[in-house]
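K.L.:
Have a look at this fold, sequence not included:
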C-alpha cells in the first residue's frame, strides 16, 4: 500500500529536523509503504537562515531526484529514492492553486505584536486590559511583549505565538492541505517545547487537525515529536531569548501536553544536555544559523519510525516514546546506537558518505577513464545542471551537515571525510597489507568501470545510471569494512 506522510516542521527546530530527514532520505533510506514525504515548514521568521538552508536542501533534493527518476513514485531503490514533494504538487479538489514551496507563509504579520493586534484601534478599556495581559513597558524595550517584532518569530514567547497561529486555518496552504490529503495518508508534527514558535504552533496545529470537518484530516494517523532543550544560547541582556528559562518553559508545556495530547497516535520526546559551548544568541533572520546537532538526526529517525509503522501497530491510546544511547559520552558514533532502525540508518549514511567521497574527491581526477567518458563528465561536471545540483547538495549541505554535527557539543563523529577511503569510517577500517592496498584509486577505477559496463546494458538515462553507479560503488566500499 502506498501512502503519503505530511511532515509539519514548526519553527527553526522543525526546519533543522526536516533537513536531517532530507539527508537520511538522500542516503537511500526506504519507506516501507513506497509513499511520498511532503514537508511543510511553518516559520513566522521568513528569513531564518536555518529554515532557508533546509528549503534549499529540499529544492536540490527534488531537482536531483526529478532529473534522475522523473516523477516516478515507484522508484524507491538507491540514493534520493523517496519522493519528497511540495504540497502544491499534490492533487487537491475544491482548492485554489498555491505557490510551489516547501514553506507555509503567514500573511499579515505586522512589524510588532501591538500592530498585529491593532492596539491603536482599540477602545481605551480594551487597550488597558490588553496591557494587563502583555508586558508593554517601557516602550523602548524591544523584548517587551507588545513591542516584539514578529518578523523574526516569537522569541521564546508561546503565549504570543498562540494568538498568531489562530490565523493558520485561514491560510491558502492549510486549506489546500486539507483538500489534498488522502484517506490512508499520515501526519507528523515536529516542534520544540522550549521556545516560542514550536511551543505555540504545535498545540494549535493539532487542535486544527483534530477539529477539522474533513474526516480524512481528523481521522488520519497522527504523530508528533517535541524537542525538549538540547542546546543553550549565550546570555544577552538585549535579547528576548533567555535559555535560563528553557527548562521552566518545558515543564509548563509538558504539564499542558499531559492532558491535551490524547488525540495523537504516537508522541516522541527527545532531550539532550546543552553542553559547555552555547549557540550564538540570535533572535532570528539571517543570523539564525545554528550548527546541526545529532539530536536532530535522531528526531528525523522518529519520523521514519512513525511512517513505517503498520496501522495495526497503533493502539487505542497514545503511545509515548523516548530515545536513549548506550552511554552518555560527549563524542558518539555508530557504537552508541542501540536499536535496529538506527543501525540501518548509519549503514545508509556510511554508504552515502563513501559515494560523496568518490564523487567529490576521486572522480574529478579520473575523467580520462572509460566510465567517465561514457557520461562525458569532463563537460558535465562543469556545466550540467544535474551534476551541479548534485555537487552542491553533497558538498555544501550533506558534508557540511556532518561537519556541523562533528563540531557540536554532543559530537557525532562517525566519519572522517578528509581521511583516506580506508580510514573514513570511525571505529572501522579497511584491512590492508602489502598485497592488498584496500580502497585506492586503482580499486575505485576498476570497480567503477565494471559497474558502468553492467549498468549501461540496463539503464540508458545518464542521470539515473550515474546515481546507480555511485550507489553500487559505495556498496563495494562498505563491503570491505572489517
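P.N.:
Received, thanks. What you are looking at is a predicted structure, and each value in this text was computed from that prediction instead of being measured.
K.L.:
helices or strands up against the longest helix seen in the chain?
P.N.:
Criterion DSSP state H: the longest helix present in the chain is helix 49-69. Applying 3 or more CB pairs under 8 Å, 6 or more residues apart in numbering; DSSP states H and E, one finds that helix 49-69 contacts helix 11-26, strand 37-42, helix 385-392, helix 462-479. (Each C-beta comes from the backbone N, C-alpha and C, glycine too.)
K.L.:
what about those, which gets the closest to residue 409?
P.N.:
helix 11-26 (15.1 Å; CB to CB).
K.L.:
you'd agree residue 356 is in a strand?
P.N.:
No - with DSSP: H, G, I helix; E, B strand; the rest coil as the criterion, residue 356 is helix rather than part of a strand.
K.L.:
circling back: residue 75: which of the helices and strands packed on helix 49-69 is closest?
P.N.:
Set against residue 75 and scored by CB to CB, the helices and strands packed on helix 49-69 come closest in helix 462-479, at 8.2 Å.
K.L.:
Check the offset of that closest one from the chain's centre.
P.N.:
The chain centre lies 24 Å from the centre of helix 462-479; the measure is CA atoms, centre = their mean, to the nearest Å.
K.L.:
Check stretch 361-380 too.
P.N.:
Relative to its chain's centre, stretch 361-380 lies at 32 Å (CA atoms, centre = their mean).
K.L.:
Endpoints of that stretch, how far apart?
P.N.:
Taking CA to CA, to the nearest Å, stretch 361-380 runs 16 Å from one end to the other.
K.L.:
what is the mean pLDDT for stretch 365-383?
P.N.:
On average, the pLDDT along stretch 365-383 is 96.
K.L.:
Can you check the distance spanned by it, start to finish?
P.N.:
One end of stretch 365-383 sits 17 Å from the other (CA to CA).
K.L.:
again with stretch 79-92
P.N.:
Stretch 79-92: ends 29 Å apart by CA to CA.
K.L.:
What part of this structure, helix or strand, is modelled with the least confidence?
P.N.:
Within the chain, no helix or strand scores below helix 246-260, which has a mean of 64 by mean pLDDT, DSSP states H and E.
K.L.:
if we can go back for a sec, of the helices and strands packed on helix 49-69, which stretch is the most buried?
P.N.:
The highest average neighbour count among the helices and strands packed on helix 49-69, using mean count of other CB atoms under 10 Å, belongs to helix 11-26 at a mean of 27.
K.L.:
Show me how this structure divides into domains.
P.N.:
As assigned by automatic domain parsing, the chain contains the domains 5-108+149-323, 113-146, 340-479.
K.L.:
Setting aside sequence-adjacent positions, which residue approaches residue 264 most closely?
P.N.:
residue 318 (4.9 Å; CB to CB, 6 or more residues apart in numbering).
K.L.:
contacting residues for residue 33?
P.N.:
1, 2, 3, 307, 308 (CB atoms under 8 Å, 6 or more residues apart in numbering).
K.L.:
ok, the third one touching residue 186?
P.N.:
This means residue 3. Yes - in this structure, residue 3 is within contact of residue 186 by CB atoms under 8 Å, at 6.4 Å.
K.L.:
Between those two, which is the more surrounded one?
P.N.:
Comparing residue 3 with residue 186 by other CB atoms under 10 Å, the one with more neighbours is residue 186, at 21 against 18.
K.L.:
Ramachandran angles for that one?
P.N.:
Residue 186 adopts backbone torsions of phi -120, psi 160, taken as degrees, to the nearest 10.
K.L.:
what's the neighbour count on residue 117?
P.N.:
So residue 117, with other CB under 10 Å, has 19 neighbours.
K.L.:
and the closest residue in space to it that isn't next to it in sequence, how many neighbours?
P.N.:
Distances taken as CB to CB, 6+ apart put residue 130 closest to residue 117, at 6.9 Å, once the chain neighbours are dropped. Residue 130: 15 surrounding residues under other CB under 10 Å.
K.L.:
Tell me how far the closest residue to residue 386 other than its chain neighbours lies from residue 460.
P.N.:
Nearest residue to residue 386, sequence neighbours excluded (CB to CB, 6+ apart): residue 67, at 4.4 Å. Separation of residue 67 from residue 460 (CB to CB, to the nearest Å): 14 Å.
K.L.:
One more: residue 449?
P.N.:
With CB to CB as the criterion, residue 449 and residue 460 are 18 Å apart.
K.L.:
who has more neighbours, the two?
P.N.:
Using other CB under 10 Å as the criterion, residue 449 and residue 460 rank with residue 449 on top: 15 against 9.
K.L.:
The more buried one contacts residue 368, correct?
P.N.:
No - taking contacts as CB under 8 Å, residue 449 lies outside contact range of residue 368: 12.0 Å.
K.L.:
just to revisit the earlier point, OK, contacts around the residue nearest to residue 117?
P.N.:
Residue 130 sits next to 117, 119, 122, 146 when contact means CB under 8 Å, 6+ apart.
K.L.:
switch the cut-off to 10 Å
P.N.:
Residue 130 is in contact with 114, 117, 119, 122, 136, 146, counting by CB atoms under 10 Å, 6 or more residues apart in numbering.
K.L.:
Would you write a ChimeraX line that selects the buried entries of those residues?
P.N.:
Those of the contacts of residue 130 that count as buried under 16 or more other CB atoms under 10 Å are selected in ChimeraX with:
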select :114,117,119,136,146
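K.L.:
from the contacts of residue 130, which single one is nearest residue 32?
P.N.:
For these, the nearest to residue 32 is residue 117 (46.7 Å; CB to CB).
K.L.:
is it true that that closest one touches residue 146?
P.N.:
Yes - the pair residue 117 / residue 146 is scored as a contact, 7.9 Å apart, by CB atoms under 10 Å.
K.L.:
And the residue nearest to residue 386, how close does it get to residue 181?
P.N.:
28 Å.
K.L.:
Can you name the two of the contacts of residue 130 that sit furthest apart?
P.N.:
Taking CB to CB, no two of the contacts of residue 130 sit farther apart than 122 and 136, at 12.6 Å.
K.L.:
Can you tell me the SS state at residue 6?
P.N.:
Classified using three-state DSSP, residue 6 is strand.
K.L.:
now swap in residue 418 and tell me
P.N.:
coil.
K.L.:
The residue nearest to residue 386 - how many residues pack around it?
P.N.:
21.
K.L.:
hang on, isn't it packed against residue 461?
P.N.:
Yes - at 9.2 Å, residue 67 counts as touching residue 461 under the criterion of CB under 10 Å.
K.L.:
what about residue 187, which SS state?
P.N.:
Relying on three-state DSSP, one would call residue 187 strand.
K.L.:
Show me what counts as buried in stretch 56-71.
P.N.:
Here stretch 56-71 shows 56-69 as buried, counting by 16+ other CB under 10 Å.
K.L.:
hang on, the earlier thing: give the contact list for the residue nearest to residue 264.
P.N.:
Residue 318 touches 222, 223, 224, 261, 262, 263, 264, 265, 266, 267, counting by CB under 10 Å, 6+ apart.
K.L.:
and the least confident of the residues you listed?
P.N.:
Minimum pLDDT for the contacts of residue 318 is recorded at residue 261 (75).
K.L.:
mind listing what that residue touches?
P.N.:
202, 203, 206, 224, 226, 254, 267, 318, 320.
K.L.:
That one and residue 436, how far apart?
P.N.:
56 Å.
K.L.:
ok, now residue 85?
P.N.:
Counting by CB to CB, the separation of residue 85 from residue 436 is 45 Å.
K.L.:
Kindly report the same for residue 392.
P.N.:
In terms of CB to CB, residue 392 sits 36 Å off from residue 436.
K.L.:
where along the stretch 51-200 of the chain do the helices fall?
P.N.:
113-116, 124-133, 158-165, 172-180, 197-210 (DSSP state H, counting those that start in this stretch).
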